[in-house]
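Give the three-dimensional model of this entry:
(2 chains)
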Amino acid sequence: MTHQVVPVRTYVAVFAALIALTIATVLISGIDLGEYNFIIALTIAVTKGSLVVWFFMHVNQSSSLTRLFVGAGFFWMLILLMFVLSDYLSRGWLPGPRWW
Amino acid sequence: MADTDLSVASHASTALKHHFDDSEQQLESSTLGMWVFLLTEIMFFGGMFGAYTVYRNLYPAAFASTSHYMNVTLGATNTAVLIFSSLTMALAVRSAQLGQKRALLSFLTFTLILGLVFLSIKYVEYHEKWVDHHIPGPGFHYAEPQYFHQAQILFFLYFAMTGLHALHMIVRAGLLITLIAMAARNRFSAGWYTPVEMIGLYWHFVDIVWIFLFPLLYLIGRTMR
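You can find the predicted model right below:
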């Protein structure tokens, strides 16, 4: 609730993790893994985004109400993408992934 | 709050508005309000990400082709610059919490410089696209004529998404200059630093947008064919 002062080493550790994940995603993107290139790249991006939200944006210290709002925002974004894609895919307007 | 004759100590005590029970509740309200604003931003960028998803899947071959013209080195450098700026912004908020004015000022200034470094690198990238005639419109040229129209749509999405992001970078650079001016005038104390914290949230949010833009625009098309 009240924002406690976080030790500098926590921030530096998060920073190091973010840089390491950035290097990893760039290196992996150079290898042809088919559909997994997209899945891995997005998984790393979600991990990085979550680290920023959780530690840098102090959601780990926020009230439940704030957390609910944060979660709702990202959830609604997912609904937006899911519904758009389910429409395009079910009409056959988009070519499906290879493993379909 | 605009009175110039308030001393630092009295300012901290008057920072609590009368309609709040205590400063904790006041900070909680500000945080919630800021997050509501950020949610509208998520929706705003969400529309762009939706359009990008549709067109990338509609024209996979053209997308693979345009991906070869993205400068991964500059994109990765910019990602590192933004992550570093997020660290210095987090440390700026920490300094504000501890009431360390000098550290706050230097971290804010450093964060601002990193933001400007990002914009400069972005300028180099845009210039590259301009020289290569990869700006959609009458001057557009493309090496693979079969993708002439589709590539324009994808380059348009690239410019729309990174351009909207760059616009946010400019806005938050302006906000940071305001913060630096306020900090220099002793407006903040360990008891009241809400603007630092709120603009910090905005700063981190814009970085998150880039964290998603970078793999989507620069990386996932590299090995596609």
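
C-alpha only now, for contacts and for neighbours.
OK.

quick one: low-confidence ranges for chain B?
Applying pLDDT under 70 to chain B flags the ranges B:1-14, B:225.

Write out the residues of it neighbouring chain A.
Residues of chain B lying close to chain A by C-alpha under 8 Å from any C-alpha of the partner chain are B:24, B:28, B:31-32, B:35-36, B:39, B:42-43, B:46, B:50, B:54, B:57-58, B:76, B:79-80, B:83-84, B:86-87, B:90-91, B:94, B:97-98, B:200-201, B:204-205, B:208, B:211-212, B:215-216, B:219-220, B:222-224.

contacting residues around the nearest residue to residue B:78 once chain neighbours are set aside?
Computed as C-alpha to C-alpha, 6 or more residues apart in numbering or on different chains, the closest residue to residue B:78 that is not its neighbour in sequence is residue B:118, at 5.6 Å. Contacts of residue B:118 were listed using C-alpha atoms under 8 Å, 6 or more residues apart in numbering or on different chains, and they are B:78, B:81, B:82.

Show me the shaky parts of chain A.
Residue ranges of chain A with pLDDT under 70: A:1-3, A:96-100.

Just the endpoints, please. Distance across stretch B:124-144?
24 Å (C-alpha to C-alpha, to the nearest Å).

taking the contacts of residue B:118 one by one, which sit in helices?
B:78, B:81, B:82 (DSSP state H).

What subset of the residues you listed is buried?
B:78, B:81, B:82 (16 or more other C-alpha atoms under 10 Å in any protein chain shown).

wait, the second one sits on residue B:114?
Yes: if you go by C-alpha atoms under 8 Å, residue B:81 and residue B:114 touch, sitting 6.3 Å apart.

Of all the residues in the longest helix belonging to chain A, which ones are buried?
With secondary structure taken from DSSP H, chain A has its longest helix at helix A:64-90. Within helix A:64-90, the residues that count as buried by 16+ other C-alpha under 10 Å are A:66, A:67, A:69, A:70, A:73, A:77, A:80, A:81, A:85, A:88.

go on, stretch B:162-174?
B:162, B:165, B:166, B:168, B:169, B:172, B:173.

So which of the residues you listed belong to helices?
B:162, B:165, B:166, B:168, B:169, B:172, B:173.

contacting residues around the first one?
With contacts taken as C-alpha under 8 Å, 6+ apart, residue B:162 has the following neighbours: residue B:213.

Can you pull up the most central residue in chain A?
residue A:46 (1.4 Å; C-alpha atoms, centre = their mean).

what's the spacing between that one and chain B?
According to C-alpha to the nearest C-alpha, to the nearest Å, residue A:46 and chain B sit 8 Å apart.

Count the residues that sit near residue B:213.
Burial of residue B:213, expressed as a neighbour count using other C-alpha atoms under 10 Å in any protein chain shown, amounts to 20.

so what's it up against?
B:161, B:162.

How about the one 4 residues further on?
Taking C-alpha under 8 Å, 6+ apart as the criterion, residue B:217 is in contact with B:67, B:70, B:158.
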